[in-house]
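Trainee: Take this sequence and fold it.
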Amino acid sequence: MENRLLTQYNSVITSQWLSKQIEESYDSLLPRELFEIAYHTCNSVTTRNIYIKLSSGEDQAGSKAVLYSNTKKFTTIEALDNALTITKYFSEGSTGDKLISEIQPTINRRKEIYTSKEQEIKTQILKCILVERKLDECANLVMLKGKNRKVYFAIGDARESAAVVPIFMQAEGASLVQLALNKWMETAQRLDHEENFPDKLVPGILKNLTQIKKWLLDLISKNLDK
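Mentor: The predicted model follows:
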């Protein structure tokens with residue numbers, strides 16, 4: 001299960017490509033809270049998560065994610081001890097201007113709005129972003145032809161994580177999302193768990209995961225921005 005994009009990122013991108021970086025202070029937010037808000041803000045339907053590592057606690061730094069967009073740009077989100085950094089890597093002839101003009105203002109606005117929310121709503125938003133990350137993990141496993149066992153558990157994690165979040169389960173369309181996740185869990189369960197996910201099923205599951213991701217991104221943004 002070779003992750004060629006991640007290999008390229010580690011060996012070439014970070015040392016040879018052009019880049020732009022922003023730094024965000026945590027202010028009153030925990031490192032994990034700002035990391036999750038930044039992850040969601042940098043994410044999109046056409047973005048793929050090729051690497052993620054989470055810190056052991058919400059109040060600790062150390063979380064890191066690497067996203068790859070369909071515009072062939074890489075974004076690194078990293079929670080350091082004193083601040084969170086977001087670095088956009090791009091090739092000659094391209095730019096990372098949106099990091100400054102769009103991502104940074106959006107994160108700053110969302111930090112302010114998030115801080116003013118009730119703790120229960122904050123928790124639900126973070127749990128929804130957890131589901132977002134689980135869907136991304138599942139899509140990446142499928143694209144890498146990972147073991148059926150891993151795909152099955154990734155879908156299950158996403159479904160179970162969503163089932164305990166009221167703003168997710170009460171949203172219009174939630175039942176269809178859960179039905180789709182159930183269907184793919186059952187499909188993966190019937191496959192040999194130690195075999196790689198079959199090519200013939202890849203287009204179907206990626207189509208469904210993309211539809212669910214679009215729905216979820218809209219739901220999270222709506223709750224983050226109001």
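
Trainee: Run through this structure and note the low-pLDDT ranges.
Mentor: Low-confidence segments of the chain (pLDDT under 70): 1-2.

Trainee: Tell me who's in contact with the residue nearest in space to the middle of the chain.
Mentor: By C-alpha atoms, centre = their mean, the mean C-alpha position of the chain lies nearest to residue 133, the distance being 3.8 Å. Shown in contact with residue 133 (C-beta atoms under 8 Å, 6 or more residues apart in numbering): 39, 49, 52. (C-beta placed from N, C-alpha, C; glycine too.)

Trainee: Count the neighbours of the second one for me.
Mentor: Yep, that's residue 49 we're talking about. Residue crowding around residue 49 was assessed by other C-beta atoms under 10 Å; the count is 19.

Trainee: Helices of this structure, residue ranges please.
Mentor: 4-8, 14-16, 31-42, 97-98, 104-115, 119-143, 148-163, 166-169, 174-190, 202-225 (DSSP state H).

Trainee: quick one, the longest one and helix 148-163 angle?
Mentor: By that I understand helix 119-143. Interaxial angle, helix 119-143 versus helix 148-163 (axes from the mean of the first three to the mean of the last three C-alpha atoms, to 10 degrees): 160 degrees.

Trainee: Would you mark the buried spots in helix 119-143?
Mentor: For helix 119-143, burial by neighbour count (16 or more other C-beta atoms under 10 Å) applies to 124-142.

Trainee: now the helices of the chain as TSV including distance to residue 58?
Mentor: Below are these laid out as TSV (distance: least, C-beta to C-beta, whole Å):
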stretch	distance to residue 58
helix 4-8	26
helix 14-16	27
helix 31-42	4
helix 97-98	28
helix 104-115	14
helix 119-143	8
helix 148-163	16
helix 166-169	19
helix 174-190	26
helix 202-225	17
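
Trainee: Among those helices, which comes closest to residue 81?
Mentor: Among those, the nearest to residue 81 by C-beta to C-beta is helix 31-42 (8.6 Å).

Trainee: Could I have the CA atoms of the closest one written out in CSV?
Mentor: Taking Å, rounded to 0.1, in the frame of the first residue of the first chain, the C-alpha atoms of helix 31-42 are listed here in CSV:
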residue,chain,number,x,y,z
PRO,A,31,-4.3,23.2,20.2
ARG,A,32,-6.6,20.4,19.0
GLU,A,33,-9.5,22.8,18.6
LEU,A,34,-7.6,25.2,16.3
PHE,A,35,-6.1,22.2,14.5
GLU,A,36,-9.6,20.8,13.7
ILE,A,37,-10.9,24.2,12.6
ALA,A,38,-7.9,24.7,10.3
TYR,A,39,-8.3,21.2,9.0
HIS,A,40,-11.9,21.8,8.0
THR,A,41,-11.1,25.2,6.6
CYS,A,42,-8.3,23.9,4.4
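
Trainee: tilt between that helix and helix 104-115?
Mentor: Using the same axes, to 10 degrees: helix 31-42 against helix 104-115 is 130 degrees.

Trainee: follow-up on the earlier one: looking at the contacts of residue 133, spot the one nearest residue 89.
Mentor: Comparing the contacts of residue 133 against residue 89 with C-beta to C-beta places residue 49 closest, at 15.3 Å.
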